[in-house]
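> Here is the input, now give the coordinates:
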Amino acid sequence: ESKSASKLKLINVDLSSEGEKLDKFDSLAVLELQNNQLSRFPLNFYSNPNLQYLSSVGNPIQGFSNEIFGLRSLSVLKLIKTKIDSFPASFKYLSSLKEFEFQINESDSCKLGSSLAGLRSVKKILINKVKLKEFPVDIDKSSNLKELYLIDCGLSSIHVSLYSCSNLEVLILDNNNLE
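Below you'll find the predicted structure:
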């Protein structure tokens with residue numbers, strides 16, 4: 001019944017060779033994946049117009065396709081224990097994204113660049129235990145941002161755009177290399 005399923009939670013189900021089956025669930029609003037040996041999402045997965053909540057925990061996902069902008073209803077994205085080293089430029093076109101959580105990344109480093117800059121609806125960004133190459137640039141373009149957590153990211157400086165975040169209410173920069 002993959003065509004009618006709106007919620008799917010898969011825990012300890014090996015998708016390493018069958019990840020393509022995820023694109024059969026094109027009515028999903030909620031997808032929770034945990035420890036599925038999934039290293040990438042199939043290309044057709046990105047054309048799901050209904051997906052609102054995506055959580056991936058313990059999957060060695062290395063990145064996203066440029067087609068991620070097709071997830072236009074996505075409002076919550078949680079990525080925990082991944083191997084992501086960058087996000088595609090099209091990431092900033094996730095116009096419905098309100099909450100972005102990125103924790104315990106196992107890549108040597110991750111470059112965010114301006115991938116967060118276009119997230120105009122985002123209210124909360126939590127990045128924890130992710131080795132960032134630099135502070136996210138143009139963060140002030142995320143005009144609805146109220147909470148920013150950059151914890152244990154190895155940051156040594158702050159990008160000047162942070163000072164223009166007029167709606168920011170919570171800023172946590174614990175365990176970084178800031179002076």
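> For the chain, which segments count as helices?
In the chain, no helices are defined using DSSP state H.
> ranges for the strands of it?
7-11, 30-34, 53-57, 76-80, 99-103, 124-128, 147-151, 170-172 (DSSP state E).
> mind listing what the fourth one pairs with, with the direction of each?
Strand 76-80 pairs in its sheet with strand 53-57 (parallel), strand 99-103 (parallel), by DSSP bridges.
> Relative to Asn35, which of those is closest?
Minimum separation from Asn35 across the strands paired with strand 76-80 (C-beta to C-beta) falls at strand 53-57, 7.1 Å. Every C-beta, even on glycine, is put in place using the N, C-alpha and C of the backbone.
> and for that closest one, what are the contacting residues?
Residues outside strand 53-57 that contact it (C-beta atoms under 8 Å, 6 or more residues apart in numbering): 29-35, 38, 71, 74-82.
> thinking again about what came up before, can I get the strands of the chain in CSV including distance to Pro136?
CSV is the format used below for the strands of the chain (distance: least, C-beta to C-beta, whole Å):
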stretch, distance to Pro136
strand 7-11, 30
strand 30-34, 25
strand 53-57, 20
strand 76-80, 15
strand 99-103, 11
strand 124-128, 8
strand 147-151, 8
strand 170-172, 13
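> and Ser56, how many neighbours?
If you count neighbours by other C-beta atoms under 10 Å, Ser56 ends up with 21.
> quick revisit: list buried residues within the contacts of strand 53-57.
Among the contacts of strand 53-57, those buried by neighbour count (16 or more other C-beta atoms under 10 Å) are 30-31, 33-35, 38, 71, 74-82.
> ok, those residues vs Gly154, which is closest?
The closest of those, once distances to Gly154 are taken by C-beta to C-beta, is Thr82, at 16.8 Å.
> Verify the contact between that closest one and Pro60 for me.
Yes. Thr82 lies in contact with Pro60 (C-beta atoms under 8 Å); the separation is 6.8 Å.
> Check the contact lists of these two and give me the overlap.
Going by C-beta under 8 Å, 6+ apart, residues that sit against Thr82 and also against Pro60 are Glu106.
> If we ignore the residues flanking it in sequence, what's nearest Leu22?
Phe45 (5.2 Å; C-beta to C-beta, 6 or more residues apart in numbering).
> Run through the residues that contact the closest residue in space to Ser157 that isn't next to it in sequence.
In space, and not counting its chain neighbours, Ser157 is closest to Phe135: 6.2 Å by C-beta to C-beta, 6+ apart. Contacts for Phe135 (C-beta under 8 Å, 6+ apart) come out as 150, 155, 157-159, 162.
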